[in-house]
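**Student:** okay, here's the prediction I keep looking at, along with the sequence it came from:
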Protein chains: 2
Amino acid sequence: MSNRLVVVGSGAAGMSAASAARRTNSDLEIVVLESGNHAAYGLCGLPYYVSDVIAESDDLFAYRPEFFREKRRIDLRFGVEATRLDPDRKVLAVSQDGVGYEIGYDSLVLATGGSPIVPGALAAQSDRIFTVRNLDDAVRLHRLLDERNVRRALIVGGGYIGLEMAEALAERGVAVTIAEALPMVLPNFDETIGERVHAELVRNGVAVRLGCRVESAVDDGSCLQVSMGDERIEVDLMVAAVGVRAGSALGSDAGAVCGPGGALVVDEHMRTSLHSVFAAGDCIAPYHRILRRPAFIPLGPAANKTGRVAGVNAAGGEARFAGVLGTAVVKVFDLAVARTGLTLVEASAEGIDAIATQAVGKSRAKYYPGSESVTVRLIHRPDGRLLGAQMVGVGDGVAKRIDVAAIALQAGFDVSALLDSDLSYAPPFAPVYEPILLAAQAAGADQTSTTAGVAGTDRHGVKQ
Amino acid sequence: MSNRLVVVGSGAAGMSAASAARRTNSDLEIVVLESGNHAAYGLCGLPYYVSDVIAESDDLFAYRPEFFREKRRIDLRFGVEATRLDPDRKVLAVSQDGVGYEIGYDSLVLATGGSPIVPGALAAQSDRIFTVRNLDDAVRLHRLLDERNVRRALIVGGGYIGLEMAEALAERGVAVTIAEALPMVLPNFDETIGERVHAELVRNGVAVRLGCRVESAVDDGSCLQVSMGDERIEVDLMVAAVGVRAGSALGSDAGAVCGPGGALVVDEHMRTSLHSVFAAGDCIAPYHRILRRPAFIPLGPAANKTGRVAGVNAAGGEARFAGVLGTAVVKVFDLAVARTGLTLVEASAEGIDAIATQAVGKSRAKYYPGSESVTVRLIHRPDGRLLGAQMVGVGDGVAKRIDVAAIALQAGFDVSALLDSDLSYAPPFAPVYEPILLAAQAAGADQTSTTAGVAGTDRHGVKQ
């Protein structure tokens, strides 16, 4: 009899695990249990489906369920909720159509994802209140926009998803207000970057309320009456986008060790503390390569990669996950905003002696049409060693420029090694002095300068 | 009395040297001698001025001569040709308006650039034959296009400049033929990349003749009669773009050691073999970080950087140049084509045991509008160590994607370290699995696979 691998969850991590397991072991029995009825779709594409940039929700699927079932011989079961894990007996209790039963495993991958945090005030019963965490949410939101007269929307939370949803709804002609409890939008960036994004939101007609908590939202039958701070506003629609909580309960209830964000702690093989139980995706806190400890930063690429690593190992192969840098990019109207590694605030919070050096360069030769400003902010130790980078600018180049910084960070570069890099140049694509090189140069000048406040350099001390 | 630094040449390298010298030493007397009458303009922008993408040739100037003279106190002299260098006496013989005289120096920077190679057959006297190496050439070419009926053009040479000029002339409505002596366009790339570029040229109506040498070009008063291979064609205009020769004569005639391409050999401080004589830009063969020896690859960013290093050191400061990787990108109609490090052909020619692994990915999430194919070709040793990369695709992302590979190459990554990288993802800017990661994954599969011909992998042995 063959071994049985059970995967809980059919999102990016779960289906990556199942697929990698099949590639590793063609004889393995592979069962995927999914409480919903979709598999392997692009969660990050939901705002673009809402905005009609993507015509059909079907386009979001990487593969159809039949592909997994037939081509990869994965027993993908929808409508099955895993309710309890017994790691000693190697058994999962599940519930399907109200009927409970048990399923045994030889190895298990928990890919239970994350669930959107919904503040108490927003948990009111109303079909005008949404989170955007799964396809069914997005389809319901899309239908509301199509079928009802939605003129005003409130987005609660100014992080990645909040800003993407603000843009999506504005694209649909809705007047959007963002309420962010912290004193800046994109609060996981440093302030100078957040300010630039704030201006872009305002330029596109989005109202932004900072330091603003939503106290209540009441559906009066025709719209939502929202109280926040001193303000009361009426909206037709509200989206809660205040963050994600790791869906680690199945593992933690069984005794698995959890870490930051309540997420499951795993080793580089994606093993949890429970025997034969692996985990991947948004329910784990993988190793952070700069912090050198687990961190909860739920993002798509790590979900795919940790899924693959968990699947290979759960199927008897050998694969390791090197860790994350928290590299991310988000589109906010015409801007791309990106980060990797630590912000100055984060470095300071860790007690790391850090400096931020910021420079503004051009996306192309300055004389070439479409040349736009790109702001690069490097976070580095006083000796120049890179700790992180943030960028903001117009156009496709920003996302790949942050990747340049991500590789430099992974390699342990200091700013002088970055300045020594040989980057591509052609007037349509880049200036001779890339913005990232300007920042590295300014950071180097910081190091050697005897006076603070070198031109073009925004130097900050550590907050302590 | 202050020391005197003389810089020969006012291009990117020369003006970078003079400016860096001024920043290093505010008392230094700095003289720049230029045989022409322009300084510090964007040589690489000339094709875009010819195509009218850039409206005014003035836009190509980074700074005006007055800026250098007044703000930076640089004695910038036009119309002065340096004819002979006497390193023992520390004296340059120069010629100005037909009058010869001598000028002494304490330190000297040779930034004499490169000169276009003009095959004998094209050296015929005709105002319809051009090289595109300086602003005056480009202005003359622009005027011909404006004032005469130019319907047909021949570009001799299918390298970077040849392809940029083909696009520029096609943009001006001219029917373009490219004649390349070697059997592929972009002959400094591997064949699979050249083929994609060839198809793009043909798709845009450019006729391409490969393995084709121009034997003669005769101006009959109304057009050029060109013989090449078995073919005779009539054109209104011809551009010779067969490469650049290092302008090293001033140094080499004085005994400076030359290397590849006849270019001046320099150390990491940009010192030539002559006492107190530095060199920078297209007249030198800087250190190549993969070849671990000097290489002649004249490109803009290295000209600027070596100029800065030469200037700092010539002024008594301390700066080093870490070397080049030959990173470059070129726009060919809708395509961006890029490289860094070695091609498979180059690696093989060096006797390096190398493998090429090629993968095709998407520039954005596949469901996001404007998602285009990006081909990534990684050159690596059998143990996975990176040797180079080539990329071709539509859009701005390619130029920055090659930079990701350039940093990985600089860091000495193998393909598994590249696969371990944490790159940014958002549907509008990148797919979850970046094309470069797909290539790294395929290359890793190559390493561990027991069978050749893994799906998606184009594996090549070394040519020996």
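**Tutor:** Thanks, I have it.
**Student:** quick one: the helices in the stretch 1-150 of chain A?
**Tutor:** Under the criterion DSSP state H, counting those that start in this stretch, helices of the stretch 1-150 of chain A are mapped to A:12-24, A:46-50, A:65-66, A:135-147.
**Student:** list the buried residues in the first one.
**Tutor:** Along helix A:12-24, these residues count as buried under the neighbour rule (16 or more other CB atoms under 10 Å in any protein chain shown): A:12, A:13, A:14, A:15, A:16, A:17, A:18, A:19, A:20, A:21, A:22, A:24. From N, CA and C alone the C-beta is placed, and that goes for glycine too.
**Student:** reformat those as TSV; add pLDDT and distance to chain B.
**Tutor:** Below are the buried residues of helix A:12-24 laid out as TSV (pLDDT from 0 to 100; distance: CB to the nearest CB, whole Å):
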residue	pLDDT	distance to chain B
A:12	95	7
A:13	97	11
A:14	98	14
A:15	97	12
A:16	97	10
A:17	98	15
A:18	98	16
A:19	97	12
A:20	97	11
A:21	98	16
A:22	98	15
A:24	97	12
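**Student:** next, the closest residue to chain B within the stretch 151-300 of chain A: phi, psi?
**Tutor:** Using CB to the nearest CB, residue A:300 is the residue of the stretch 151-300 of chain A that sits closest to chain B, at 5.1 Å. In terms of degrees, to the nearest 10, the main-chain angles of residue A:300 are phi -60, psi -50.
**Student:** who's in contact with it?
**Tutor:** Neighbouring residues of residue A:300 by CB atoms under 8 Å, 6 or more residues apart in numbering or on different chains: A:12, A:43, A:44, B:425, B:432.
**Student:** and the helix or strand where residue A:345 lies, what other elements does it pack with?
**Tutor:** Here residue A:345, judged by DSSP states H and E, is contained in helix A:344-349. With contacts taken as 3 or more CB pairs under 8 Å, 6 or more residues apart in numbering or on different chains; DSSP states H and E, helix A:344-349 sits against strand A:386-394.
**Student:** avg pLDDT for the helix or strand that the strand it packs on is followed by?
**Tutor:** On the C-terminal side of strand A:386-394, the closest following helix or strand by DSSP H and E is helix A:397-410. Averaged across helix A:397-410, the pLDDT comes to 94.
**Student:** hang on, residue A:312 in a helix?
**Tutor:** Yes - with DSSP: H, G, I helix; E, B strand; the rest coil as the criterion, residue A:312 is part of a helix.
**Student:** how much space between it and residue A:17?
**Tutor:** The gap separating residue A:312 from residue A:17 is 8 Å, by CB to CB, to the nearest Å.
**Student:** residue A:48 now?
**Tutor:** Per CB to CB, residue A:48 is found 26 Å from residue A:17.
**Student:** got the buried residues for stretch A:432-446?
**Tutor:** For stretch A:432-446, a neighbour-count test (16+ other CB under 10 Å) marks A:432-444, A:446 as buried.
**Student:** out of those residues, who's near chain B?
**Tutor:** On the criterion CB under 8 Å from any CB of the partner chain, A:432, A:433, A:434 are the entries of the buried residues of stretch A:432-446 that sit beside chain B.
**Student:** tally of neighbours for the residue nearest to residue A:25 when sequence neighbours are not counted?
**Tutor:** Among residues not flanking residue A:25 along the chain, residue A:315 sits closest, at 4.2 Å (CB to CB, 6 or more residues apart in numbering or on different chains). Counted with other CB atoms under 10 Å in any protein chain shown, residues neighbouring residue A:315 total 25.
**Student:** residue A:315 and residue A:27 touch, don't they?
**Tutor:** No - look at residue A:315 against residue A:27 with CB atoms under 8 Å: they stay out of range, at 9.6 Å.
**Student:** not counting its neighbours along the chain, what's nearest the residue nearest the centre of chain A?
**Tutor:** Against the mean C-alpha coordinate of chain A, by CA atoms, centre = their mean, the closest residue is residue A:299 at 3.3 Å. Nearest residue to residue A:299, sequence neighbours excluded (CB to CB, 6+ apart): residue A:328, at 5.8 Å.
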